[in-house]
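K.L.:
Attaching a predicted model along with its sequence, questions to come.
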Amino acid sequence: RRSSDLMKGGLITRRHNEVRDELADLAQMAYGPSAVRIEPIVREGSNEEDGLRADLSVRGVYQNQIEASLDIRVTDTDAESMKNRSVLQILKSQELEKKKKYKKACEERRWHFTPFVCSVDGAMGKEAVGFLKLLKNSMQQL
């Protein structure tokens, strides 16, 4: 594979899917396989602009029998376009972007929404840290 292909999304998609799949595996251990879905439909649509899919949903995280929908972003906080902001500012603004896109549609389905934002270096947004704490607590209760 050429490096230009990686810059067009190959490596970015792989990073994203690795985070999604790892979260799904951990959630299955904590809540059971039937509680976890990959790429659930949040809002039906006739095309990609109308429809909306999350990356992952986990039933029972915040409330029994209620879906917690997650959308993941793995970002390079060292990118040239982000050089004038701190890592925390970048992660927080990306969490807000995700909420703007997904929160209302999730609420219409009576789901919770969690933006799972992290950097390629392992820094995590506040919401991602909170979600992982809940996973850890659920796993400790097993």
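P.N.:
Structure received. Numbers count the residues shown, from 1 in each chain.
K.L.:
which intervals of this structure have sub-threshold pLDDT?
P.N.:
Counting by pLDDT under 70, the chain shows low-confidence ranges at 1-10, 48.
K.L.:
Three-state assignment for Gln89, please.
P.N.:
Per DSSP: H, G, I helix; E, B strand; the rest coil, the local secondary structure of Gln89 is helix.
K.L.:
for this structure, what spans make up the helices?
P.N.:
All helices of the chain, identified by DSSP state H, fall at 3-5, 11-31, 87-108, 126-140.
K.L.:
what sits opposite the residue nearest to the spatial centre of the chain in the beta ladder?
P.N.:
For the chain, the residue lying nearest the average C-alpha position, counting by C-alpha atoms, centre = their mean, turns out to be Ile72 (2.5 Å). With DSSP bridges applied, Ile72 shows beta-bridge pairing to Phe116.
K.L.:
rewinding a little: so can I have TSV of the helices of the chain showing mean neighbour count and distance to Phe116?
P.N.:
Every residue, glycine included, has its C-beta placed from N, CA and C. Supplementary listing: the helices of the chain in TSV, determined by neighbours: other C-beta atoms under 10 Å; distance: least, C-beta to C-beta, whole Å:
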stretch	mean neighbour count	distance to Phe116
helix 3-5	9	26
helix 11-31	16	7
helix 87-108	16	8
helix 126-140	15	5
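K.L.:
Please produce TSV containing those, extended by distance to Ala68.
P.N.:
Converted to TSV, the helices of the chain look like this (distance: least, C-beta to C-beta, whole Å):
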stretch	distance to Ala68
helix 3-5	34
helix 11-31	9
helix 87-108	9
helix 126-140	8
